[in-house]
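Asks: give me a model of this one.
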Amino acid sequence: MSGATGPSSKSSPLAAFVERFALVGAWLVVIAGFGVLLPGSFLTWQNFAVMFASQAPAALLALALIVPLTCGDYDLSGGATVTLAAVILGVLNVNHQEPIGFALAVALGAGVLVGVVNAFFIVYVRIPSLVVTLGTASLVTGFVQWFSDSSTISGLDGTFVDWIITKQLFGISYAFYVAVLVALLLWYVFEYTPLGRRMLFVGKSREVARLNGIRVDHVRAGELIASSVLATLAGIVYAGVLGSADPFSGLNFLLPAFAAAFLGATSIKPGRFNAWGTFIAVYFLASGITGLSMFGIPLWVTSAFNGAALIIAVTLSQFARGRAESDLG
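Replies: The predicted structure follows:
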């Protein structure tokens, strides 16, 4: 039969292990390389503690993106949603002196609203996700600039900032552990729940999923809203890390977040978007940027690095997905 595969078509245990953890090995090589070149600055616990905390918003956004990607949708509004959440905190808590709890609730509500708008036009009006979320990103960005008067807002609630960036566990700020908890939650959902299996099924073939009784539209609407909520959480953490609300810089997270999402699909669970592969990819890319920054590279190199990383990550992800499908026969 044409669909049958013999033992030779399957990867050997060693090859499968190498493929699953190659990204981890590459990360260790990057650390070792910069450690040799910059032993007094790069290879220090303080450097890694700062990197782990400062990249927590990027990790949260990358994790947010893999939720719709698993179902075959794209969310280009994630970066704008990060900025929206941070600016809402700044305007309400600083400019209008509202309690931080109220500001957090409004920010989360705004994130849900962005997700609902995306879901309505993508799922029920049947407009492609790339078009809708690109439009939503532009709309949200315009609102953010109007709402903040295009100005950075400093002076967020001190207790909130302390809990995000000042308080530490094992020398690392709590912001990092928020990202770890979200990665743990997504890993559990994808691996051990019926919802996770339905999402994977929808991502493989929506029509087949529908014929098997899965409520495809509900699953897709849910993942788009969940993505926006997680992006909002990334914005909240970002505001806490900075201690302020910047109406522009959150947008810079989107490209490296997509690069991490696709690069993560080549690791841990090759051929599938997965939480731990994405999480590792974020810090692999961050290690490279951090090391290069310590050499005093110009700003344009960072943009070029992120762009090249995205292209390479998507290419490797396609190869990994094709290999996984081939091994399944």
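
Asks: excluding covalently adjacent residues, which one is nearest to S173?
Replies: In this structure, S173 finds its nearest non-sequential neighbour in A53, 3.9 Å apart by Cβ to Cβ, 6 or more residues apart in numbering. Where you see a C-beta, it was placed from the backbone N, CA and C, and this is true even at glycine.

Asks: what sits closest to G111 if chain neighbours are left out?
Replies: That would be T232: by Cβ to Cβ, 6+ apart, it lies 2.9 Å from G111.

Asks: next one: F143
Replies: Excluding the flanking residues, the one nearest F143 by Cβ to Cβ, 6+ apart is L84, at 7.2 Å.

Asks: check contacts around that neighbour.
Replies: Counting by Cβ atoms under 8 Å, 6 or more residues apart in numbering, L84 makes contact with A107, A110, G111, V114, V140, F143, V144, T232, G235.

Asks: can you do 10 Å?
Replies: 77, 107, 110-111, 113-114, 137, 140-141, 143-144, 147-148, 228, 231-232, 235, 245, 247, 250 (Cβ atoms under 10 Å, 6 or more residues apart in numbering).

Asks: just to revisit the earlier point, and the residue nearest to S173, that one's in a helix?
Replies: Yes: assessed by DSSP: H, G, I helix; E, B strand; the rest coil, A53 belongs to a helix.

Asks: returning to that earlier point: any idea which element the residue nearest to F143 lies in?
Replies: Assigned by DSSP states H and E, L84 belongs to helix 78-90.

Asks: right, and the helix or strand after that helix?
Replies: Heading C-terminal from helix 78-90 (DSSP H and E), you reach helix 100-119.

Asks: enumerate the positions of that next one that are buried.
Replies: Neighbour counts over helix 100-119 (16 or more other Cβ atoms under 10 Å) mark 100, 103-104, 106-108, 110-111, 114-115, 117-119 as buried.

Asks: and those as JSON lines, adding distance to A221 and pLDDT?
Replies: Below are the buried residues of helix 100-119 laid out as JSON lines (distance: Cβ to Cβ, whole Å; pLDDT from 0 to 100):
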{"residue": "I100", "distance to A221": "30", "pLDDT": "96"}
{"residue": "A103", "distance to A221": "27", "pLDDT": "96"}
{"residue": "L104", "distance to A221": "24", "pLDDT": "97"}
{"residue": "V106", "distance to A221": "22", "pLDDT": "97"}
{"residue": "A107", "distance to A221": "21", "pLDDT": "97"}
{"residue": "L108", "distance to A221": "18", "pLDDT": "97"}
{"residue": "A110", "distance to A221": "18", "pLDDT": "97"}
{"residue": "G111", "distance to A221": "15", "pLDDT": "97"}
{"residue": "V114", "distance to A221": "13", "pLDDT": "97"}
{"residue": "G115", "distance to A221": "8", "pLDDT": "97"}
{"residue": "V117", "distance to A221": "11", "pLDDT": "97"}
{"residue": "N118", "distance to A221": "9", "pLDDT": "97"}
{"residue": "A119", "distance to A221": "4", "pLDDT": "97"}
